[in-house]
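1. prediction below, plus the sequence it came from.
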Amino acid sequence: MDRSLELTVPSRPEYIGVVRLVVSSLATARRAIADERIDDLKLAVSEACTNAIEANNAAGAGAPVVVTCWEAPERIEVRVSDSGGGFDPEVLPAHPPVTDPERLNFERGLGIPLIRSLVDDVRFESSSNGTSVCMTLFGAPEGSDETSEIVRVVISEQD
Amino acid sequence: MDRSLELTVPSRPEYIGVVRLVVSSLATARRAIADERIDDLKLAVSEACTNAIEANNAAGAGAPVVVTCWEAPERIEVRVSDSGGGFDPEVLPAHPPVTDPERLNFERGLGIPLIRSLVDDVRFESSSNGTSVCMTLFGAPEGSDETSEIVRVVISEQD
Amino acid sequence: MELGLQVDESRSPYTVLSVKGEVDVYSAPRLREKLVELVSEGHRQIVADLEGVDFLDSTGLGVLVGGLKRLRSHDGDLTLVCTQPRILKVFEITGLTSVFKISTSVDEATRGS
Amino acid sequence: MELGLQVDESRSPYTVLSVKGEVDVYSAPRLREKLVELVSEGHRQIVADLEGVDFLDSTGLGVLVGGLKRLRSHDGDLTLVCTQPRILKVFEITGLTSVFKISTSVDEATRGS
Ligand SMILES: Nc1ncnc2c1ncn2[C@@H]1O[C@H](COP(=O)(O)OP(=O)(O)O)[C@@H](O)[C@H]1O
Ligand SMILES: Nc1ncnc2c1ncn2[C@@H]1O[C@H](COP(=O)(O)OP(=O)(O)O)[C@@H](O)[C@H]1O
């Protein structure tokens, strides 16, 4: 894709707000995706950063989190990278069903499920040297589903 | 200084707004300096980015602009770097005095003077390989002048 | 950037906690502390008004689940007030709409049931 | 992010151009085009209302200087409306407060002189 932006922040929770701001202002300014999808993107990126900060801090080396954004007319891709110990995203523990009173014993483990359902595509690249979470939001073909709002934005801009 | 953040953006005017947002949200979130000084910082950084983008584009290689921020309790430092052809900040042409009707023939050349008067310290490092503009805003000792607002903020946080 | 937390005790037996701003891994600990504090002070029917929340992540959800658990274990309850689609969406995706009582206004939440 | 530009012709002989948003190297070209367009349409007494401007950089200042020059060369004038300290500060630092007429309201600017 033709344009990319890179943001490197210390592995501290107080910087995640800045990352959200960058990602959402980039998406808004470039009109890459519809407003509703920007909230999806913000939350997904935020979850990925929360995990990246935790992984970096567990590894103890004080490495920063690197956020890279690529945008193209009908697409925005954000990669969140850490230098932590890695994990296998396919073998995460499942929660008890919400109807089970036991559900209340689980305050965590909602980040990856949220990412998966918020973005159109997610790819985890993880090794013992670190993890990259690559999330993509597409602008869908006109009229096909909610993501097609991008098309409407583009059209209304041309008026 | 203990914390730094780095932002790399394409050399295109539409990204300067994102840079301003990052710098000001960082300064606000970290309560590094007083609100009034945040406007000074935003404008100075914006001017430096405008020049950096112009220098990169004149050099033609499509290099990005790199913005690095360091913050410490009573200080924020921002460096804006480009890979353009460089310049000598000491030999910029002067404008006619504002009382001279000729003044109206000059629409440019206000960026560097603005930077110089908005920040507490500025350093230009320029060579034919590129330019870095390092701008620092300090929190002054209590009660000494307007920059001492930082002290009040810090104190009110401790209440 | 600051999380706003305001307690209204005028609707006894309900205690209304209004949350304003962004709830994420940075600010969620303050929300957790406030909920723990309220329960330990004896508040049992807590209404968390999320109408002023601009952003809520999984850490925020976790804190609310923890608060609900704590209250239930004291025979209390936690009701949420939320009508913002973007915040409701986070509860829906995670299935937590079936775990919490979610009201459309503080009035509704404190009307008793 | 968008620059808002609104023209009010109801205060003849004054034309009020309300500017909203951030004026920087990205958006300033649109302000320049609008000023050029107004002058070429015959507007001569232009009042630029900057009360809605959140940010103004040296490029914006340059466009205003260019507009003033263009109007003066047509025996017209450009008056600014600005009371925001952070915007006024930019004019002060650059000495441009002595180049522009700066009013505290559109009413004052269009009252005639
Ligand atoms: N970037 C990462 N590096 C290492 N481990 C990770 C990373 N992201 C997620 N994990 C692992 O996956 C688990 C589940 O993550 P998530 O669903 O976000 O929930 P939570 O972070 O609340 O535990 C985490 O607890 C962690 O063990
Ligand atoms: N980063 C830079 N690289 C190369 N030249 C620069 C740089 N910054 C400033 N200059 C030179 O200094 C001049 C004055 O800059 P400035 O005061 O910002 O006004 P303007 O950019 O409006 O000309 C520019 O026109 C340019 O020639």
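-> That came through, no problem. Ligands and ions are numbered 1, 2, ... in the order given.

2. rest of the way, CA atoms for contacts and neighbours
-> Will do.

3. what residue is smack in the middle of chain C?
-> Among the residues of chain C, the one closest to the centroid is C:A48, at 3.1 Å (CA atoms, centre = their mean).

4. would you mark the buried spots in the one helix or strand A:E6 maps to?
-> Counting by DSSP states H and E, the element that carries A:E6 is strand A:3-9. Neighbour-count burial for strand A:3-9 flags A:4-9 (criterion: 16 or more other CA atoms under 10 Å in any protein chain shown).

5. for stretch A:116-125, same thing?
-> Quick answer for stretch A:116-125 (16+ other CA under 10 Å): A:118-120, A:122, A:124.

6. distance between the ends of that stretch?
-> One end of stretch A:116-125 sits 14 Å from the other (CA to CA, to the nearest Å).

7. report all helices and strands that the strand ranked longest in chain C contacts.
-> Across chain C, the longest stretch assigned as strand under DSSP state E is strand C:45-56. Judged by 3 or more CA pairs under 8 Å, 6 or more residues apart in numbering or on different chains; DSSP states H and E, strand C:45-56 is in contact with strand C:14-23, strand C:77-81, helix C:85-93, helix C:106-109.

8. near chain D, which residues of chain A?
-> Applying CA under 8 Å from any CA of the partner chain, one finds that chain A approaches chain D through A:A29.

9. low-confidence ranges in chain A?
-> A:1-3, A:30-32, A:140-159 (pLDDT under 70).

10. find the closest residue to chain D in it.
-> Using CA to the nearest CA, the single residue of chain A nearest to chain D is A:A29, 6.3 Å away.

11. okay, now that residue: neighbour count?
-> Per other CA atoms under 10 Å in any protein chain shown, the neighbour tally for A:A29 reads 16.

12. pretty sure the residue nearest to the centre of chain C sits against C:L80.
-> Yes. C:A48 is in contact with C:L80 according to CA atoms under 8 Å; the separation is 4.8 Å.

13. the closest residue to chain C within chain A: neighbouring residues, count only.
-> Using CA to the nearest CA, the single residue of chain A nearest to chain C is A:E107, 4.0 Å away. If you count neighbours by other CA under 10 Å, A:E107 ends up with 19.

14. that one contacts C:L61, doesn't it?
-> Yes. In this structure, A:E107 is within contact of C:L61 by CA under 8 Å, at 7.4 Å.

15. what does chain A have sitting close to ligand 1?
-> Residues of chain A found near ligand 1 (CA under 6 Å from any ligand atom) are A:51-52, A:55, A:84-87, A:108-113, A:131.

16. where do the strands sit along chain A?
-> According to DSSP E, the strands that chain A contains are A:3-9, A:65-72, A:75-82, A:121-127, A:130-138.

17. with distance to ligand 2 added, can I get those strands in a markdown table?
-> What follows is those, written out as a markdown table (distance: least, CA to the nearest ligand atom, whole Å):
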| stretch | distance to ligand 2 |
| --- | --- |
| strand A:3-9 | 20 |
| strand A:65-72 | 24 |
| strand A:75-82 | 29 |
| strand A:121-127 | 38 |
| strand A:130-138 | 33 |
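
18. ok, which of these comes nearest C:I93?
-> strand A:121-127 (16.3 Å; CA to CA).

19. and the angle from the closest one to strand A:75-82?
-> 20 degrees (axes from the mean of the first three to the mean of the last three CA atoms, to 10 degrees).

20. partners of strand A:121-127, with directions?
-> strand A:130-138 (antiparallel) (DSSP bridges).

21. can you check what angle separates the strand it pairs with from strand A:65-72?
-> 30 degrees.

22. residues contacting C:F91?
-> By CA atoms under 8 Å, 6 or more residues apart in numbering or on different chains, the contact list for C:F91 reads C:61, C:97.

23. state the distance from it to C:L61.
-> Here C:F91 is placed at a distance of 8 Å from C:L61 (CA to CA).

24. again with A:E71
-> 30 Å.

25. now the strand or helix carrying C:L38: how far from the chain's centre is it?
-> C:L38 is part of helix C:28-40 when elements are defined by DSSP H and E. Centroid separation for helix C:28-40 versus its chain: 10 Å, with CA atoms, centre = their mean, to the nearest Å.

26. for that helix, C-alpha coordinates in CSV please.
-> Backbone C-alpha positions of helix C:28-40 (Å, rounded to 0.1, in the frame of the first residue of the first chain) are rendered in CSV as follows:
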residue,chain,number,x,y,z
ALA,C,28,-9.7,0.7,34.6
PRO,C,29,-7.9,0.2,37.9
ARG,C,30,-9.5,3.4,39.2
LEU,C,31,-12.9,2.1,38.3
ARG,C,32,-12.1,-1.2,40.1
GLU,C,33,-11.0,0.6,43.2
LYS,C,34,-14.1,2.8,43.3
LEU,C,35,-16.4,-0.3,43.0
VAL,C,36,-14.4,-2.1,45.7
GLU,C,37,-14.6,1.0,47.9
LEU,C,38,-18.4,1.3,47.4
VAL,C,39,-19.0,-2.3,48.3
SER,C,40,-16.8,-2.2,51.3
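
27. okay, the angle between it and strand C:45-56?
-> Using the same axes, to 10 degrees: helix C:28-40 against strand C:45-56 is 180 degrees.

28. tell me the mean pLDDT over helix C:28-40?
-> Averaged across helix C:28-40, the pLDDT comes to 97.

29. so what does it touch, helix or strand wise?
-> helix C:58-72.

30. and the helix it packs on, does that touch ligand 1?
-> No. Against ligand 1, helix C:58-72 shows no contacts by CA under 6 Å from any ligand atom, the least distance being 6.7 Å.

31. which residues touch the spatially most central residue of chain A?
-> Within chain A, one residue has its C-alpha closest to the average C-alpha position: by CA atoms, centre = their mean, that is A:V45, at 2.8 Å. Residues near A:V45 by CA under 8 Å, 6+ apart: A:19-20, A:78, A:80, A:115, A:135.

32. and those, which of them are buried?
-> Buried among the contacts of A:V45 by 16+ other CA under 10 Å: A:19-20, A:78, A:80, A:115, A:135.

33. show me the two of those that sit farthest apart.
-> Between any two of the buried ones among the contacts of A:V45 (CA to CA), the greatest distance is 15.8 Å, for A:V19 and A:I115.

34. before we move on, the earlier item: now render the buried residues of strand A:3-9 as a markdown table, adding distance to D:V39.
-> Below are those laid out as a markdown table (distance: CA to CA, whole Å):
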| residue | distance to D:V39 |
| --- | --- |
| A:S4 | 39 |
| A:L5 | 39 |
| A:E6 | 42 |
| A:L7 | 43 |
| A:T8 | 47 |
| A:V9 | 48 |
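
35. show me the two of those that sit farthest apart.
-> A:S4 and A:V9 (16.5 Å).

36. give me phi/psi at C:R44?
-> Main-chain dihedrals, C:R44, degrees, to the nearest 10: phi -120, psi -30.

37. does it touch C:D77 like I think?
-> Yes. Between C:R44 and C:D77 there is a contact under CA under 8 Å: 6.4 Å.
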